[in-house]
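Undergrad: test case, fold it:
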Amino acid sequence: MIIGLVYDLLRHEERMLIEAIRSKGHGLKLLFVPERIDYLGERNSEQFDFAFQRSVSHYRALASSAILESRGVRVVNSYQTIRDSGDKLVTTAILASRGIKVPKTAVAYSRDGAIMAAREIGYPVVVKPILGSWGRMIARAKNEDDLLDIMDFREAMSSPHFKIHYIQQYIDKPGRDIRAFYVWGEVPTAIYRISQRWKTNTALGAKAAPASLSEEQVDLVIRAGEAMGSGVLGIDLLETKEGDTLVVEVNAVVEFRNTVQVTGYDLAGKMVEETVRVMRS
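TA: Numbers count the residues shown, from 1 in each chain. This next block holds a predicted model:
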């Protein structure tokens, strides 16, 4: 097969995918998004069988995936999956509608509504932007004074998505969360992200370690992956003190450098093998 790689920054993950594609005997076509000009309505002139979407920019990923799909190219992950998983509100709504356990969450459209939602959920709460990654712009309110300060800041922001207040139950997790990898109906590997801080993103300094998932957690990841459209996904889980596991986020252009480093698992190879199998079926 000839496989396209759509990207805007060549990171370790993209280099691993390039190596995996070539080592497994497939052809490779690189599509560097910042240098592309796409004319809408043109017929498909792309010389590859499918493409991995690896753009860091959410909007570049959306736009380039939409254009490729309009030309009949299959993209992994799809435009729909990238759009849905890129919006925390949409992700949580989809998961909750499928009966998948998520933290108690409310969406408010005003400062007063956010305060009422937080009172109903119970402090502490976490306030998140509906768009964004790497733990940026996420704040914890331990009480109403904290929340009022956060609301003042958000209401002063120019971007309209900050006026949509996504208020979520704070989960007192055991010093870690779980990043599990979903690959076309399988969960081949997972890591713990360990931190003394309440935010456990590796981008903010959390340490990665191999994770062992229970059968129930594996089933939860598979259900979440299927709900979001399948493909290749990073699914973030929180463990509660009561023994439950909740899904908090789904990542459609998932980073896996730290996972490979601590587990030794060839995730790029798995992504290529399974995607080729699906495309051929």
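Undergrad: contacting residues around Tyr192?
TA: For Tyr192, the contacting residues are 176-178, 208-211, by CB atoms under 8 Å, 6 or more residues apart in numbering. Just so you know, the C-beta spots here come from the backbone N, C-alpha and C atoms, and that holds for glycine as well.
Undergrad: mind checking how far Met116 is from Val6?
TA: 43 Å (CB to CB, to the nearest Å).
Undergrad: quickly list what Ala108 is bridged to.
TA: His165 (DSSP bridges).
Undergrad: I'd say it and Ile167 touch.
TA: Yes. The pair Ala108 and Ile167 passes the contact test of CB atoms under 8 Å, sitting 6.3 Å apart.
Undergrad: who has more neighbours, those two?
TA: Neighbour count, other CB atoms under 10 Å: between Ala108 and Ile167, Ile167 has more, with 24 against 19.
Undergrad: touching the strand or helix carrying the more buried one from outside, list them.
TA: Taking DSSP states H and E as the definition, one finds Ile167 inside strand 165-169. The contact list for strand 165-169 (CB under 8 Å, 6+ apart) reads 88-89, 92, 103-111, 113-114, 117-118, 121-122, 125-130, 151, 154, 248.
Undergrad: so for that strand, mean pLDDT?
TA: The pLDDT scores in strand 165-169 average 96.
Undergrad: could you pull out the helices for the stretch 101-250 of the chain?
TA: For the stretch 101-250 of the chain, helices defined by DSSP state H, counting those that start in this stretch occupy the ranges 111-121, 144-156, 215-227.
Undergrad: report the central residue of the protein.
TA: With the centre of the chain defined as its mean C-alpha position, the nearest residue by CA atoms, centre = their mean is Asn251, 1.1 Å away.
Undergrad: could you report the pLDDT at it?
TA: 97.
Undergrad: give me the pLDDT value at the closest residue to it other than its chain neighbours.
TA: The spatial neighbour of Asn251 that comes closest, neighbours along the chain excluded (CB to CB, 6 or more residues apart in numbering), is Gly234 at 3.8 Å. The per-residue pLDDT reported for Gly234 equals 98.
Undergrad: over to Trp198?
TA: For Trp198, the model assigns a pLDDT of 67.
Undergrad: please apply the same query to Lys173.
TA: Note for Lys173: predicted pLDDT of 87.
Undergrad: what about Gln261, how many residues nearby?
TA: Taking other CB under 10 Å as the neighbour definition, Gln261 ends up with a count of 11.
Undergrad: was I right about it contacting Ala208?
TA: Yes. Under the criterion of CB under 8 Å, Gln261 makes contact with Ala208 at 7.1 Å.
Undergrad: ok, back up a step: buried members of the contacts of Tyr192 into ChimeraX, please.
TA: Those of the contacts of Tyr192 that count as buried under 16 or more other CB atoms under 10 Å are selected in ChimeraX with:
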select :176,177,178,208,211
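Undergrad: farthest pair in the contacts of Tyr192?
TA: Based on CB to CB, the longest span within these runs between Asp177 and Pro210 and measures 14.3 Å.
Undergrad: where does pLDDT dip in the stretch 1-150 of the chain?
TA: 44, 134-135 (pLDDT under 70).
Undergrad: which stretches in it count as strands?
TA: Shown for the stretch 1-150 of the chain, the strands assigned by DSSP state E, counting those that start in this stretch span residues 2-7, 27-32, 50-53, 74-76, 105-108, 125-128, 139-141.
Undergrad: export those as CSV, with columns for distance to Tyr39.
TA: As requested, these are arranged in CSV below (distance: least, CB to CB, whole Å):
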stretch, distance to Tyr39
strand 2-7, 17
strand 27-32, 15
strand 50-53, 18
strand 74-76, 18
strand 105-108, 38
strand 125-128, 37
strand 139-141, 43
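Undergrad: so which of the ones you listed gets nearest Ile222?
TA: Comparing those by their distance to Ile222 (CB to CB), the top pick is strand 74-76, with 17.3 Å.
Undergrad: my guess is Leu237 contacts Val250. True?
TA: No. Under the contact definition of CB under 8 Å, Leu237 does not touch Val250, with a separation of 10.6 Å.
Undergrad: who has more neighbours, the two?
TA: Set side by side, Leu237 and Val250 show unequal neighbour counts under other CB under 10 Å, the larger going to Val250 at 28 against 22.
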